[in-house]
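# Fold the following for me, if possible:
(one chain, ligands or ions: 2)
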Amino acid sequence: MAKREIQRRSNAQKITREQAYRILERSGGRCERCRGTFMLAIHHDPPKQMGGTKRVYTDDMLELLCIYCHNEAHGIRVKRL
Ligand SMILES: [Zn+2]
Ligand SMILES: [Zn+2]
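Ligands and ions are numbered 1, 2, ... in the order given. Here you go, the predicted structure:
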């Protein structure tokens, strides 16, 4: 059913806009591991199974990372320029 599709899609959006703003503010707009500013993105730890149906990310599960640290967080080694 189309309705179920929409629900599944909205579940994938786990980080709220407010949360993203908080992370950006907390980090000062810099990578939280190396303080770099190249291709920043919000990284989140893989969601843990907590038993409930609601899987919400807390702020401490989120990190603003540059592309290098982000790749490292995902186990990808990238040579820094
Ligand atoms: Zn970094
Ligand atoms: Zn990530």
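
# only C-alpha atoms for contact and neighbour calcs from this point on.
Fine.

# Would you map the strands across this protein?
41-44, 62-65 (DSSP state E).

# Could you pull out the buried residues of the first one?
Neighbour-count burial for strand 41-44, counted by 16 or more other C-alpha atoms under 10 Å, picks out 41, 43, 44.

# Confirm for me that the first one is in contact with residue 64.
Spelled out, it's residue 41. Yes - contact status for residue 41 versus residue 64: in contact at 5.6 Å, counting by C-alpha atoms under 8 Å.

# per-residue pLDDT, residue 80?
The score at residue 80 is 68. That number is its pLDDT.

# ok, now residue 20?
Confidence at residue 20, expressed as pLDDT, is 94.

# switch to numbering from 3
In the new count, where the first residue is 3, that last one comes out as residue 22.

# wait, what's in contact with it?
By C-alpha atoms under 8 Å, 6 or more residues apart in numbering, the contact list for residue 22 reads residue 44.

# what about 10 Å?
Residues counted as contacts of residue 22 (C-alpha atoms under 10 Å, 6 or more residues apart in numbering) are 28, 43, 44, 61, 64, 65, 66.

# what's the answer for residue 81, then?
Residues counted as contacts of residue 81 (C-alpha under 10 Å, 6+ apart) are residue 70.

# Next to ligand 1, which bits of this structure? Give me the list.
Within the chain, the positions near ligand 1 by C-alpha under 5 Å from the ion are 33, 35, 36, 68, 71.

# Apart from its neighbours in sequence, what residue is nearest the first one?
Taking C-alpha to C-alpha, 6 or more residues apart in numbering, and ignoring the residues beside it in sequence, residue 33 has residue 67 as its nearest neighbour in space, at 4.4 Å.
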